[in-house]
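Novice: need a 3D model of the following:
(chains A and B)
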Number of protein chains: 2
Amino acid sequence: MNIVVLCGGVGGAKFLRGVRAHVQATAPRAAITAIVNVGDDMWLTGLRIAPDLDSVMYALAGENDEVRGWGRTGESERVSGELRAYGVGWDWFTLGDLDIGTHLTRTSYLREGLGLTEATRRISSRWDLGVTLLPATDHEVETHVLVEGGSMHFQEWWTRHRAAIPALGFESRGVASAVPAPGVLDAIAAADVILIAPSNPVVSIGPILEIPGIRAALAGASARIIGISPIIAGSVVRGMADACLTAIGVETSATAVALHYGARSAGRLLDGWLVDESDRAAVGVLEAAGIAAKAVPLWMRDVPLSAEIAREALQL
Amino acid sequence: MNIVVLCGGVGGAKFLRGVRAHVQATAPRAAITAIVNVGDDMWLTGLRIAPDLDSVMYALAGENDEVRGWGRTGESERVSGELRAYGVGWDWFTLGDLDIGTHLTRTSYLREGLGLTEATRRISSRWDLGVTLLPATDHEVETHVLVEGGSMHFQEWWTRHRAAIPALGFESRGVASAVPAPGVLDAIAAADVILIAPSNPVVSIGPILEIPGIRAALAGASARIIGISPIIAGSVVRGMADACLTAIGVETSATAVALHYGARSAGRLLDGWLVDESDRAAVGVLEAAGIAAKAVPLWMRDVPLSAEIAREALQL
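Specialist: Model prediction:
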């Protein structure tokens, strides 16, 4: 069985750990492919940083910092201290030493002329992840946030300003000329099921869907496409997706996000949608809109709970 | 008074500390400009590394590791551990975390389009060095070592193989199209005295002299040009200069190195040459060859001793 998961960073990573646990327990020969958002990627002090790919890789490798919720466990900031002393970089963006090891490795491969997909394959081969990581595209397509009077890189808006500056919209710079990364369209075509992780619909899943060719591939896929709501009882589970949804005029609710993705039967994305038990009332609305829906516990408090969500998604 | 010093890395740094100490004690308004070799520079895992510029900067800043003899004091290797785990880089070339902070800063500036001179100016402005550091050139002119059957980057020959593979010669790749860095020719023209540090004549001073325009500027300078022998009693003071001298057919002796540089009166480099007390016999030979010479203690065991050498050089 081929399982494809579209995802962003930390939320996607949690979900992927559940998918992997479920698969290892029930269908150990199944292949899991994650198509990961690259809209958060950026150049910083000469380093190519890919936060979502790294978050997913660290979490699957068991190297993520569970307490802090992001980055590597056992991290230090010796190099960052020097960058600050030299007055370069962004002092609001933490670059851990172990993390810099990953960025340097990636940058080195890219400077040698490799694509991000091949660089990611080599980097992630350090661990037995049980999941193939594919960036959505090898092109540099970075999300910029439109704000009053201008725009800024997504990371500046998200990390520096904690999404507190009202966003007027989002722009995927360079997306028009981007193409899906090698293996992405094949993975979608060969999938037996396609899952949309409970990642940020606007700045994690959205930028993947914007890459020319991906929506068409999803539309033409023989697999069912099942999403998991990132919204529970009108609140975001983690992150600041509400600020993103508000910016594009979508209510912060499990129903509104599903309708934003739309029913595949109406030429849009979703065959099915999992909502939290507390959003049970959404099921009827979604079914009426042509999206199969089910209410199940959606809090990914630990891997077994995430695995149970994966099971429900695969069943739907 | 304007003092210009041509130098390489660690040996040059020791000498420069002496020059600075002497000047601060006797002529605090004098300006010291170091023209530093860049032949050891290289790209490694996406980082631009400039070992000689950094050695000089760390030593002048008091941040060098006196015990180890190179690199930053209080250094750690968290990032290098990661690079090894990912299987990139050169496992025989140590990249300390603090040092990587410098390399990242330099790389960042270079990627922004700045030249090495301006990047060096910004980086070294972190400390009050009392010496202006100028790379010999902003061009990438890297020393490669010709060996039986091929060639390798100088660092590979020097650091990995400890100069144990017989060198057949040295090549400054790209030197033909290089030009002196901004400020280098002006510094030479405005100098009141030009000192050749007791650095490696072949792979530290040699690559500086090879840059088109620098020899002519030295020849035309109004200042006297005084060198300090890096060879004491037929042995190199530090490093493996003997392997380099042998490769170019020069004996490892204070006299032979001076004659290799040649007398300025004969259209070559030197007006004067300091040898160690133990090489007193060389003085007559050199004077006969048209090079003013003096025998003084040349072991740079501490800053006062180095300052005394600087005093003798300025007096000669």
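Novice: residues contacting the residue nearest the centre of chain A?
Specialist: Using C-alpha atoms, centre = their mean, the residue of chain A that lies closest to the mean C-alpha position is A:G8, 0.9 Å off. Residues in contact with A:G8 (C-beta atoms under 8 Å, 6 or more residues apart in numbering or on different chains) are A:V36, A:N37, A:D40, A:D52, A:A197, A:S199, A:N200, A:V203, A:S204, A:I205. For glycine as for every other residue, the C-beta is placed from the backbone atoms N, C-alpha and C.
Novice: these in strands, which ones?
Specialist: A:V36 (DSSP state E).
Novice: just send the contacts of A:G8 back as a markdown table, with distance to B:H161 too.
Specialist: Shown next, in a markdown table, are the contacts of A:G8 (distance: C-beta to C-beta, whole Å):
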| residue | distance to B:H161 |
| --- | --- |
| A:V36 | 42 |
| A:N37 | 45 |
| A:D40 | 43 |
| A:D52 | 42 |
| A:A197 | 50 |
| A:S199 | 50 |
| A:N200 | 52 |
| A:V203 | 50 |
| A:S204 | 49 |
| A:I205 | 52 |
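Novice: redo the contacts of A:G8 as CSV? Include distance to chain B, neighbour count and pLDDT.
Specialist: As requested, the contacts of A:G8 are exported to CSV (distance: C-beta to the nearest C-beta, whole Å; neighbours: other C-beta atoms under 10 Å in any protein chain shown; pLDDT from 0 to 100):
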residue, distance to chain B, neighbour count, pLDDT
A:V36, 18, 31, 98
A:N37, 22, 32, 98
A:D40, 20, 26, 95
A:D52, 19, 29, 97
A:A197, 26, 31, 97
A:S199, 26, 31, 95
A:N200, 28, 30, 95
A:V203, 26, 29, 95
A:S204, 26, 29, 96
A:I205, 29, 28, 97
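Novice: ok, now how distant is whatever residue of the stretch 101-250 of chain A ends up closest to chain B from A:E75?
Specialist: Residue nearest to chain B within the stretch 101-250 of chain A (C-beta to the nearest C-beta): A:G101, separated by 2.3 Å. Counting by C-beta to C-beta, to the nearest Å, the gap from A:G101 to A:E75 is 11 Å.
Novice: who has more neighbours, these two?
Specialist: The residue with more neighbours, out of A:G101 and A:E75, is A:G101; 27 against 18, by other C-beta atoms under 10 Å in any protein chain shown.
Novice: check that one and give its pLDDT.
Specialist: Among the per-residue scores, A:G101 shows a pLDDT of 97.
Novice: next, the contact list for the nearest residue to it once chain neighbours are set aside, please.
Specialist: What sits nearest to A:G101 in space, not counting adjacent residues and going by C-beta to C-beta, 6 or more residues apart in numbering or on different chains, is B:E82, at 2.3 Å. B:E82 makes contact with A:D97, A:L98, A:I100, A:G101, A:T102, A:L104, A:T105 under the criterion C-beta under 8 Å, 6+ apart.
Novice: B:S80 is in contact with the last one, correct?
Specialist: No - using C-beta atoms under 8 Å, A:T105 is not in contact with B:S80; the gap is 11.5 Å.
Novice: can you show me the helices along the stretch 151-300 of chain A?
Specialist: With DSSP state H, counting those that start in this stretch, the ranges of helices along the stretch 151-300 of chain A come out as A:154-155, A:184-190, A:206-210, A:214-220, A:241-247, A:254-261, A:282-288.
Novice: export the ones you listed as JSON lines, with columns for mean pLDDT, mean neighbour count and distance to B:W299.
Specialist: As requested, those are exported to JSON lines (pLDDT from 0 to 100; neighbours: other C-beta atoms under 10 Å in any protein chain shown; distance: least, C-beta to C-beta, whole Å):
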{"stretch": "helix A:154-155", "mean pLDDT": "91", "mean neighbour count": "24", "distance to B:W299": "53"}
{"stretch": "helix A:184-190", "mean pLDDT": "98", "mean neighbour count": "19", "distance to B:W299": "65"}
{"stretch": "helix A:206-210", "mean pLDDT": "97", "mean neighbour count": "23", "distance to B:W299": "63"}
{"stretch": "helix A:214-220", "mean pLDDT": "97", "mean neighbour count": "16", "distance to B:W299": "69"}
{"stretch": "helix A:241-247", "mean pLDDT": "91", "mean neighbour count": "21", "distance to B:W299": "66"}
{"stretch": "helix A:254-261", "mean pLDDT": "97", "mean neighbour count": "23", "distance to B:W299": "75"}
{"stretch": "helix A:282-288", "mean pLDDT": "96", "mean neighbour count": "17", "distance to B:W299": "83"}
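Novice: for A:D128, find the nearest of those.
Specialist: Closest of the helices of the stretch 151-300 of chain A to A:D128 is helix A:184-190, at 19.4 Å (criterion: C-beta to C-beta).
Novice: hmm, which two among the contacts of B:E82 are most spread apart?
Specialist: Largest pairwise distance in the contacts of B:E82, by C-beta to C-beta, is 13.2 Å, between A:D97 and A:T105.
Novice: picking up where we left off before, got CSV for the helices of the stretch 151-300 of chain A, with distance to A:R68 too?
Specialist: Shown next, in CSV, are the helices of the stretch 151-300 of chain A (distance: least, C-beta to C-beta, whole Å):
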stretch, distance to A:R68
helix A:154-155, 17
helix A:184-190, 31
helix A:206-210, 25
helix A:214-220, 32
helix A:241-247, 20
helix A:254-261, 27
helix A:282-288, 32
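Novice: need those in a markdown table (columns: distance to chain B).
Specialist: A markdown table is the format used below for the helices of the stretch 151-300 of chain A (distance: least, C-beta to the nearest C-beta, whole Å):
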| stretch | distance to chain B |
| --- | --- |
| helix A:154-155 | 16 |
| helix A:184-190 | 24 |
| helix A:206-210 | 24 |
| helix A:214-220 | 29 |
| helix A:241-247 | 30 |
| helix A:254-261 | 36 |
| helix A:282-288 | 44 |
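Novice: out of these, nearest to A:R126?
Specialist: Across these, closest to A:R126 is helix A:184-190 (C-beta to C-beta), at 21.6 Å.
Novice: list the helices and strands that closest one packs on?
Specialist: strand A:2-7, strand A:31-36, strand A:132-135, helix A:214-220 (3 or more C-beta pairs under 8 Å, 6 or more residues apart in numbering or on different chains; DSSP states H and E).
Novice: which one of these lies closest to A:G239?
Specialist: Closest of the helices and strands packed on helix A:184-190 to A:G239 is strand A:2-7, at 13.0 Å (criterion: C-beta to C-beta).
Novice: tell me which strands and helices the closest one is in contact with?
Specialist: Using 3+ C-beta pairs under 8 Å, 6+ apart as the contact test, the elements touching strand A:2-7 are helix A:10-26, strand A:31-36, helix A:184-190, strand A:193-196.
Novice: name the nearest residue to A:I225, ignoring sequence neighbours.
Specialist: A:I225 sits nearest to A:I194 (C-beta to C-beta, 6+ apart), 4.5 Å away.
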